[in-house]
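[1] Give me a 3D structure for the following:
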Amino acid sequence: MRWLWLAAVTCLATPLAAEPRQIEHRYGTTEIDGTPERVVSLSFIGHDFLLTLGVTPVALRYWYGTHPYGVWPWAQEALGAVEPVVLYGEINVEQIANLKPDLIVGQWSGMTANDYRFLSQIAPTLPPPVGEGDYSAAWQDMTRQLGLALNRQGEAEEVIARLEGRFATVRDAHPEWAGKSSVVAWPPRIGAYTSKDLRSRFLTDLGFAPQSQVDALIGANAFFVTIPQEDLSALDVDLLLWTHTANLPQALDGIALRKTTRAYQEGRELYADYDLTAALSHSSPLSLDHALDRIVPLIEAAMDGDPATEVATTAIEGVTPK
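    Predicted structure coming up:
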């Protein structure tokens, strides 16, 4: 059914003429008049958000992966046969100017104040929302901000309402998850994503609570912290989700105290494979459906109260579950 919805969104008619509007953001205020048609996405995940609103960027920023144009499978149907310019590496102001954009999207791009100063002379530019760091904005806020910029506020609110409704349905079906502590971590060094990160926000949207010890290690806008191998107390939670990395089995086995955590001992560890990790990392209106389809059954198995229950992701070759 979501592909029917996606097709409907993708085929939206061009919006009616828009009134001038102002958008507050991290670096000040952007003024937009009319409906942008040539959109350049500098956000590493921004093309997903644009595509879900029926807008195909003329250029997009490559993040990682081997998929055509850096667009992952959940967004390829929305991209269709369009061949956008792919931007690699750091923000190149001259390259962007040559694309003649009428909107530059940089909500999740690492855009500096100096970048913004130059880019905003080329076209109206969207940095992260007010109060957010480089990679800390919620998917709802980014969608809503883009809806306003693109003169597609109604479509943006429909997207948000549908997805929030799906999260609510899962929460209602699993009241036992409410308030349970959770951490999304990455081996081997060890890293943990804070409550400001999209991956942690995903679990929060399912009813889980972020681990306060992780947030205690950061400043206001940081999205990722390092956990010392000699003290894994910050990972002693009700649900521990490990994201994918190269040589995952060896990376996990290299964490000497991992098997002392409650999550490991009680069978409440999850191991996200490459595809699921990417869907959570994008956490876009397109990838969230994909992530929910994959992860909800895994969490159900992990949180069923029986340490002997096999969680499907423990089948990753070489990973040794409890």
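
[2] Look up how far Tyr69 lies from Val159.
    In this view, Val159 and Tyr69 are 22 Å apart by C-beta to C-beta, to the nearest Å. All C-beta atoms are positioned from the backbone trio N, CA, C, and that covers glycine.

[3] what's the closest non-adjacent residue to Glu176?
    If the residues on either side of it in the chain are set aside, Glu176 comes closest to Met303, at 7.0 Å by C-beta to C-beta, 6 or more residues apart in numbering.

[4] same check, this time on Val130
    The shortest distance from Val130 to any residue other than its chain neighbours is 5.3 Å, reached at Glu24 (C-beta to C-beta, 6+ apart).

[5] Read off the pLDDT value for that neighbour.
    Per-residue confidence (pLDDT) for Glu24: 96.

[6] Hmm, it is touching Glu132, no?
    No: if you go by C-beta atoms under 8 Å, Glu24 and Glu132 don't touch, sitting 11.5 Å apart.

[7] what sits against Ala18?
    If you count contacts by C-beta atoms under 8 Å, 6 or more residues apart in numbering, Ala18 has them with 32-35, 151.

[8] what does Arg61 give?
    41-44, 46-47, 70, 86-88, 109.

[9] Tell me the confidence at it?
    In this prediction, Arg61 carries a pLDDT score of 98.

[10] all strands of the stretch 151-300 of the chain, in order?
    181-186, 191-193, 209-210, 224-226, 239-242, 269-271 (DSSP state E, counting those that start in this stretch).

[11] what is the mean pLDDT for the first one?
    I take that to be strand 181-186. The average pLDDT within strand 181-186 is 95.

[12] Which neighbouring elements make contact with it?
    Applying 3 or more C-beta pairs under 8 Å, 6 or more residues apart in numbering; DSSP states H and E, one finds that strand 181-186 contacts strand 191-193, helix 198-205, strand 209-210, strand 239-242.

[13] can you dump the C-alpha coordinates of the helix of greatest length in the chain into CSV?
    Looking across the chain with DSSP state H, the single longest helix is helix 153-173. Output of helix 153-173 as CSV, limited to C-alpha atoms (Å, rounded to 0.1, in the frame of the first residue of the first chain):
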residue,chain,number,x,y,z
GLN,A,153,3.2,22.3,3.3
GLY,A,154,0.0,20.2,2.9
GLU,A,155,1.9,17.3,1.4
ALA,A,156,4.6,17.5,4.1
GLU,A,157,2.0,17.4,6.9
GLU,A,158,0.4,14.4,5.2
VAL,A,159,3.7,12.5,5.1
ILE,A,160,4.4,13.3,8.8
ALA,A,161,0.9,12.3,9.9
ARG,A,162,1.0,9.0,8.1
LEU,A,163,4.4,8.0,9.5
GLU,A,164,3.6,9.2,13.0
GLY,A,165,0.5,7.2,12.8
ARG,A,166,2.4,4.1,11.9
PHE,A,167,4.8,4.5,14.8
ALA,A,168,1.8,5.1,17.1
THR,A,169,0.2,1.8,15.9
VAL,A,170,3.4,-0.1,16.8
ARG,A,171,3.6,1.7,20.3
ASP,A,172,0.0,0.8,21.0
ALA,A,173,0.6,-2.8,20.1
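
[14] quick check, distance from that helix to the centre of its chain.
    16 Å (C-alpha atoms, centre = their mean, to the nearest Å).

[15] as a whole number, average confidence for it?
    Mean predicted confidence for helix 153-173 is 98.

[16] can you pull the buried residues of it?
    Buried residues in helix 153-173, counted by 16 or more other C-beta atoms under 10 Å: 153, 155-156, 158-160, 163, 166-167, 170.

[17] Over to stretch 281-300?
    Neighbour-count burial for stretch 281-300 flags 281-292, 294-295, 298-299 (criterion: 16+ other C-beta under 10 Å).

[18] which residues sit in contact with Arg199?
    For Arg199, counting by C-beta under 8 Å, 6+ apart, the contacting residues are 184, 193, 241, 243, 280-281, 283.

[19] any chance of those residues in TSV, plus distance to Ala18?
    What follows is these, written out as TSV (distance: C-beta to C-beta, whole Å):
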residue	distance to Ala18
Val184	38
Tyr193	36
Leu241	41
Thr243	39
Leu280	34
Ser281	32
Ser283	28
